[in-house]
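Student: What follows is a predicted protein model with its sequence.
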Amino acid sequence: MVGYIRGEFARGVEKTTIIQSLIGSGWKVEDINMALDAVNPVINPFPTIPSVPKAPTAPAQPVYSAPTMQQSPSVKTVVQDIAAGLFIMCVVILTAISVLGVWDVFSGDVIGKSFETLGLLAFASVIVIVASRYVGDPASAAEPAMPNPTFHAIRNVTVGTLIASATLLALVGILAIWNIISYTGVINKSLSSLAILAFSSLIIVVVSLEREQIPSKKKAA
């Protein structure tokens, strides 16, 4: 129909004549109006042929969607995050003290007391993290779907440290095996320092992953 209308307009046929011809050929009024609009909207800015009124349709029912609320972390989650952060801090400080102790920066007394103090804090943090899982929380319904992004950032940084320390540990070990590095004292201290860094980084990565993986709640049937 569109091609026919274009051809008729090109020959100079009046629009009324074209409409009458199409109606006589059995075309519907709605189809003719749509074809005229498709040929040139300017030619038919408004429908010129009265169309059969359509029955009123019922208004579409609005689709109900549950309101989204900004959920705040529960008390249990906040306590566990604080304990995990304290544990990671203790591990970082113990790592630094251990590495410096290997290189004889601190005395044995300072290292021993630091290990006792930070070790107790780290142990208490682990107990809080584990024990709080079995404590009921009235605000547990407001448990956030997304974990604390701080631990994701900590894990990303620590993974790089873990890879670097493990790589250097392997490299120094190979050089020592082939006697490329002949300073025994330096080799032992370097291997000890890198091993401490790798082990501490692994612990921090595991703790961060534990805080990132908050189990999703299943809906009751």
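Tutor: Everything's here; your move.
Student: can you list the weak-confidence ranges in this protein?
Tutor: Along the chain, segments meeting pLDDT under 70 span 40-72, 136-147, 214-221.
Student: try 80
Tutor: Flagging of the chain using pLDDT under 80 yields the residue ranges 39-74, 133, 135-148, 181-184, 213-221.
Student: all helices for it, in order.
Tutor: Ranges of helices in the chain, per DSSP state H, are 2-10, 15-24, 29-39, 75-102, 108-131, 149-177, 184-212.
Student: Now mean neighbour count too, for those helices, in TSV please.
Tutor: Every C-beta, even on glycine, is put in place using the N, C-alpha and C of the backbone. Converted to TSV, these look like this (neighbours: other CB atoms under 10 Å):
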stretch	mean neighbour count
helix 2-10	14
helix 15-24	14
helix 29-39	17
helix 75-102	18
helix 108-131	14
helix 149-177	15
helix 184-212	17
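Student: what's near enough to touch the nearest residue to residue 22 once chain neighbours are set aside?
Tutor: Nearest-residue entry for residue 22: residue 32, 5.1 Å, with adjacent residues in sequence omitted and distances by CB to CB, 6 or more residues apart in numbering. Residue 32 sits next to 1, 19, 22-23, 49 when contact means CB atoms under 8 Å, 6 or more residues apart in numbering.
Student: for these, which one is nearest residue 7?
Tutor: residue 1 (10.8 Å; CB to CB).
Student: Please verify my assumption that that closest one contacts residue 25.
Tutor: No. Residue 1 lies out of contact with residue 25 (CB atoms under 8 Å); the separation is 9.1 Å.
Student: These two: which has the busier surroundings?
Tutor: Taking neighbours as other CB atoms under 10 Å, residue 1 and residue 25 compare with residue 1 leading, 16 against 10.
Student: quick one: contacts for that one?
Tutor: By CB under 8 Å, 6+ apart, the neighbours of residue 1 are 22, 27, 31-32, 35.
Student: contacts for stretch 168-177?
Tutor: 181, 187, 190-191, 194-195, 198.
Student: which one of these is nearest residue 7?
Tutor: Checking these one by one against residue 7 (CB to CB), the nearest turns out to be residue 198, at 81.6 Å.
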